[in-house]
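K.L.:
The sequence and its predicted three-dimensional model are supplied below.
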Amino acid sequence: MRPGIPVPKPRWFAILAAVLLTLCGVPSIPAPAQPVRAGDVLGAEPSRFSLDPFGKTPVPGVRATKITYRSRDALNRPIEVTGTVLVPEKPWRGTGPRPLIGYASGTKGWVDRCAPSRQLPQGIDYNGPQLAALLAHGWAVTMTDYEGLGHGGEHTWQVADSEAHTVLDSVRAAQRLPGSGLGWQTPVGIYGYSQGGGAAAAVAEQAASYAPELVIKGVSAGGVPSDWNVHLNTYQAGRLTTGTAVMVGAGFAHAYPELKFGRYLSERGRKLYDFLRSRCLAQPDSFLALLGTADGKVNRFFGAVDPFRTGPWLRRFAENRIGDRRPPMPVLLFHGAQDEIVPVDMARTLRRDWCARGANITWQEYPMVEHILAFELNTPASIDFLDRRFRNVATGGNCGTGR
């Protein structure tokens, strides 16, 4: 070694070597990437939570973030899902960490613009008042768009396995979102009605196996469509929204490609499917189209074969039946006795199934109340139930009483 020529320090030598390799056209070797887990946040951007459909004025004191996160579909394959995380700006003054609600949305529609993450900033999401009530308690809220809604692809409407995964992973994503103030010790409550009730009930059954690290204190699930074999082949005919059977079929076919739903549709079924899949449920023409299907049976939407009575469909419906596993956490299960969309007998069966398995179930049935009104009437009861669970107040349930 000649005097006067310094030996480069190792870190500068590495930098010099990398530059020379790059200039010579030799690519550098990237560091091994960390595997992406279910619930990991893939993207985040500021959003807005509004209850004002005209001026779109944000609800004050709420930080809204639209997220893209990793989840898994009904076949356990990785997927990307979008959602919204809402966190009150005021510090949490309660005992322990700020609670988080995994809110399972009711049906919004079947096209991306119907997704909650797109409707919330516009002030047109009908779940908005319930979200505001939860936020007023100082709780954070995470709300998934579900699979195939808001992020391209096809919406797997009413597929319990997919919906449970996307709700649970939205909770994980909210906990992992930088700056959310949430973490793995965050107490969690799950809340949903109708489609969201099915998702919440599926979460109650699957959380222990799919996301055992989550501290889920309680689940409120109402208007639960728990068994599509029974619903479509027994109750659905002649109900006000018989036409939703077409969209259930489409949702399951999107989740399970072997079902090939399109081959079974009659001309009338195809027209209804094409019409509904381009609209949001809250649009007047969508609602009127569904009301116009109340004059007959489900099989008029099909040709020679009713797929819902064939083996492959019966098996997939059975796989997604809710009531076969005991929820380990307390559950508030509620329903309107005059529900014209999801028959109350199905909810009563779910209650009996869960109670028979030793679950802690609080059953609330509203006499002379239909589907939409039950959702509105129960809001205070659900919030009180979740509040008591967050304060660790014992909930004994009422399995030993009533029907």
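P.N.:
Received, thanks.

K.L.:
quick check: domain ranges of the chain?
P.N.:
41-227+321-390, 239-317 (automatic domain parsing).

K.L.:
Could you dump those domains into TSV and include mean neighbour count and mean pLDDT?
P.N.:
For the C-beta atoms, the positions are set from N, CA and C on the backbone; glycine is no exception. Output for the domains of the chain, formatted as TSV (neighbours: other CB atoms under 10 Å; pLDDT from 0 to 100):
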stretch	mean neighbour count	mean pLDDT
domain 41-227+321-390	21	97
domain 239-317	17	87
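
K.L.:
Nearest to residue 400, out of the ones you listed?
P.N.:
Among the domains of the chain, the nearest to residue 400 by CB to CB is domain 41-227+321-390 (8.1 Å).

K.L.:
Dump the domains of the chain into JSON lines; add distance to residue 401 as well.
P.N.:
Output for these, formatted as JSON lines (distance: least, CB to CB, whole Å):
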{"stretch": "domain 41-227+321-390", "distance to residue 401": "8"}
{"stretch": "domain 239-317", "distance to residue 401": "29"}
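
K.L.:
Which one of those domains lies nearest to residue 233?
P.N.:
domain 239-317 (5.9 Å).

K.L.:
Need the nearest residue in space to residue 59, chain neighbours excluded.
P.N.:
In space, and not counting its chain neighbours, residue 59 is closest to residue 49: 5.0 Å by CB to CB, 6 or more residues apart in numbering.

K.L.:
now the helices for the protein?
P.N.:
For the chain, the helices defined by DSSP state H cover 10-23, 116-119, 128-136, 160-176, 195-210, 228-230, 244-255, 267-276, 284-291, 311-319, 344-356, 371-390.

K.L.:
To residue 34, which of the ones you listed lies closest?
P.N.:
Nearest of the helices of the chain (CB to CB): helix 160-176, 12.5 Å.

K.L.:
how far does the closest one sit from the chain's center?
P.N.:
Taking the mean of its C-alpha atoms, helix 160-176 sits 7 Å from the chain's own mean (CA atoms, centre = their mean, to the nearest Å).

K.L.:
in terms of contact, does the residue nearest to residue 59 touch residue 120 like I think?
P.N.:
Yes: using CB atoms under 8 Å as the test, residue 49 is close enough to residue 120 to be in contact (5.4 Å).

K.L.:
Mind listing the shared neighbours of those two?
P.N.:
64, 84, 128, 131 (CB atoms under 8 Å, 6 or more residues apart in numbering).
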